[in-house]
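Trainee: sharing a model prediction with you, sequence too.
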Amino acid sequence: MRHFLDINATSPDDLTQILAEADRIKAARAGQKRGMADAEQVLAGHMVALIFEKPSTRTRVSFDVGVRQMGGQTMVLSGSEMQLGHGETIADTARVLSRYVDLIMIRTFEEGVLHELAEYADVPVINGLTNRSHPCQIMADIMTYQEHRGSIQGKKVVWSGDGNNVCASFLHAAGQFGFDMVFTGPPTLDPEAVFVEDARAKGVNVTIERDPVAAVKDADLVVTDTWISMHDSQSARERRHNQLRPYQVNEGLMKHAKPDALFMHCLPAHREEEATSAVMDGPHSVIFDEAENRLHAQKAIMRWCLGL
């Protein structure tokens, strides 16, 4: 049974294998017309459950399209339809779904829901996002960096802003892929210490630098994410804006990174807040390559989980 729950729970060799497969899948589709099915219909006869307790655009579309392109079928379920862990225990839901489907992807709030589902499911489970991590996104990000600049090993990655779940998965990736990472943001929004220590324990440098200009000096990659959650109150939004305004990624900040540095944002973005349009649409930006690569990376993850 191969679950894909977090980047630090998957071996570096397997992660490398998944990314190589993602590159192959993308290259194989390059000559095809848009909308065509993959030549290898490896998911023919397979049903994939896509569970969304949190709303989604990129995760829903990329997984749904990916399954269909590989010849499979999807069953999309919302949290309101399932009442996961309320009307029925998560363990029982996992056991029942395992009788119907071949693979489960879940986008949820609490990490415990993901792990309990994986513990009791008889089919592979993929983490589509939790409040603490977002591994599929970072696999697409590593794929994107490497197709533009080669190996990410030994590079300097700077995260600017909120040390959220996407930042956590970047820290997981730092330890597994061997790149250094700098976090720059206010102390109240630091990434969890356990994520920082996990990366450091694997021999990479992880530093916290409050000065964003000093942080991005000689950076190979600068990354940010939205400052606010859809669930934040108006007062919480105002506090976050006040805290994070100095960490906006703009043209002035990018000038301190390497001349060929890349800029990433997992989207959706609040333009002119965490990053300016001049950066997002500028020469450093690969944000739409990231978005596309969610499709290819997740296809490779699904194939790895199913041994196909």
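Mentor: Here it is on my side, so go on. Residues are numbered from 1 along each chain as shown.
Trainee: flag the shaky bits of the chain, pLDDT-wise.
Mentor: For the chain, residues meeting the criterion pLDDT under 70 lie at 83, 85, 230-233.
Trainee: show me where it has helices.
Mentor: 12-29, 58-69, 79-82, 90-100, 111-120, 135-149, 165-177, 193-200, 212-216, 234-244, 251-254, 277-280, 287-306 (DSSP state H).
Trainee: distance to residue 39 and mean neighbour count for those helices - can I get that in CSV?
Mentor: Bear in mind the C-beta positions are built from the backbone N, C-alpha and C, glycine included. Converted to CSV, those look like this (distance: least, CB to CB, whole Å; neighbours: other CB atoms under 10 Å):
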stretch, distance to residue 39, mean neighbour count
helix 12-29, 7, 16
helix 58-69, 10, 20
helix 79-82, 34, 14
helix 90-100, 28, 16
helix 111-120, 31, 19
helix 135-149, 21, 23
helix 165-177, 30, 25
helix 193-200, 38, 17
helix 212-216, 42, 19
helix 234-244, 46, 14
helix 251-254, 40, 18
helix 277-280, 34, 18
helix 287-306, 13, 22
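Trainee: closest one to residue 260 among those?
Mentor: Residue 260 lies closest to helix 135-149 among the helices of the chain, at 7.3 Å (CB to CB).
Trainee: angle of the closest one against helix 287-306?
Mentor: Interaxial angle, helix 135-149 versus helix 287-306 (axes from the mean of the first three to the mean of the last three CA atoms, to 10 degrees): 120 degrees.
Trainee: need the residues that contact helix 135-149.
Mentor: Where contact means CB atoms under 8 Å, 6 or more residues apart in numbering, the residues beyond helix 135-149 that reach it are 4-7, 10, 15, 18-19, 22-23, 59, 126-129, 152, 155, 166, 169-170, 172-173, 177, 220-221, 223, 260, 262, 264, 266, 286, 289-291, 293-294, 296-298, 301.
Trainee: tell me the residue in this protein that is farthest from the middle.
Mentor: Most distant residue from the mean C-alpha position of the chain: residue 87, 29.7 Å away (CA atoms, centre = their mean).
Trainee: if we can go back for a sec, can you redo the helices of the chain as JSON lines, where the extra columns are distance to residue 52?
Mentor: Shown next, in JSON lines, are the helices of the chain (distance: least, CB to CB, whole Å):
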{"stretch": "helix 12-29", "distance to residue 52": "23"}
{"stretch": "helix 58-69", "distance to residue 52": "6"}
{"stretch": "helix 79-82", "distance to residue 52": "7"}
{"stretch": "helix 90-100", "distance to residue 52": "14"}
{"stretch": "helix 111-120", "distance to residue 52": "12"}
{"stretch": "helix 135-149", "distance to residue 52": "14"}
{"stretch": "helix 165-177", "distance to residue 52": "16"}
{"stretch": "helix 193-200", "distance to residue 52": "25"}
{"stretch": "helix 212-216", "distance to residue 52": "34"}
{"stretch": "helix 234-244", "distance to residue 52": "23"}
{"stretch": "helix 251-254", "distance to residue 52": "34"}
{"stretch": "helix 277-280", "distance to residue 52": "26"}
{"stretch": "helix 287-306", "distance to residue 52": "15"}
